[in-house]
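> Here is a sequence with its predicted model. Questions after.
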Amino acid sequence: MSDFNPKDGVACLGEGVYDASVKSCYKATSKKGNPMMVVEFTVYDGEREVELKEFSTLAKPWKLNRLCKCLGAQAAYDSGSVEAVSKAVVGRNLKLHLGVESDDTYGDNNYVNKYESSTLASAAPAPAKTRPPADAGKPLPPMDDSEIPF
C-alpha cells in the first residue's frame, strides 16, 4: 500500500477541458494594493482533484463577467456586489478550458482560457422540510463492536 499518489506531485494539468466546481469566491487586495476578486476552483482529472485560483481586478472585471455569464449569474454580476456574485457561483459546476504557462521561477501553471457550462448538476438544492423519523428520540440498540477494526 502506498502512502501517497505520485500523480499528486504534479500540480499542473495538461492543456484541455476539465470538469470543475467553484470552491470559493471572495474579495482580496492585490500586491499593488488594488481590489480584486479571487475565484478558487476544484478541477477534476479522473480521481485527482487540483485546486486552481483565478484573479480578476475589480477595475476591469471581464473574467468575472465571463464566469457569471457561463453560470447564468448575470444578475449577480450586474449588481456589482462581490457578495452577490459569491452567493451565485460558489458550489456551481462548469467546464474549464485550461492552458499551461511556463515560468522560470514558478514552473508550469494552469490558467483558464474559457469557461463553459456543464451538464453536471450544481450545488445541491436546499433540503426539503421533512418530519423526523417515527423512531426519533428512542434509544439505539446496543452495538456489537467486535468487528470494528480500530
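That came through, no problem. Numbering: from 1, shown residues only.

> can you list the weak-confidence ranges in this structure?
Scanning the chain for pLDDT under 70 picks out 1-2, 4-11, 120-150.

> Okay, helices next: where are they in it?
62-70, 74-78, 82-89 (DSSP state H).

> okay, these in TSV with distance to Gly99 and mean neighbour count next?
In short, each C-beta sits where N, CA and C put it, glycine included. Shown next, in TSV, are the helices of the chain (distance: least, C-beta to C-beta, whole Å; neighbours: other C-beta atoms under 10 Å):
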stretch	distance to Gly99	mean neighbour count
helix 62-70	14	18
helix 74-78	24	15
helix 82-89	21	19
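
> distance of Glu101 from Val50?
15 Å (C-beta to C-beta, to the nearest Å).

> More neighbours: these two, which one.
Val50 (18 against 11; other C-beta atoms under 10 Å).

> Can you give me the distance of the more buried one to Ala75?
Applying C-beta to C-beta, the value for Val50 to Ala75 is 30 Å.

> same thing with Leu13?
32 Å.

> Check Thr105 too.
40 Å.

> what residues does the top strand by length along the chain touch?
Ranked by residue count, the top strand of the chain under DSSP state E comes out as strand 16-29. Strand 16-29 has contacts (C-beta atoms under 8 Å, 6 or more residues apart in numbering) with 35-45, 51-52, 58, 71, 82, 85-86, 89-98, 116, 118, 120, 122.

> Show the residue spans covered by the strands in the chain.
Under the criterion DSSP E, strands of the chain are mapped to 16-29, 35-45, 48-57, 93-103, 107-117.

> out of these, which comes closest to Asn65?
Asn65 sits nearest to strand 48-57 of all the strands of the chain, at 8.7 Å, using C-beta to C-beta.
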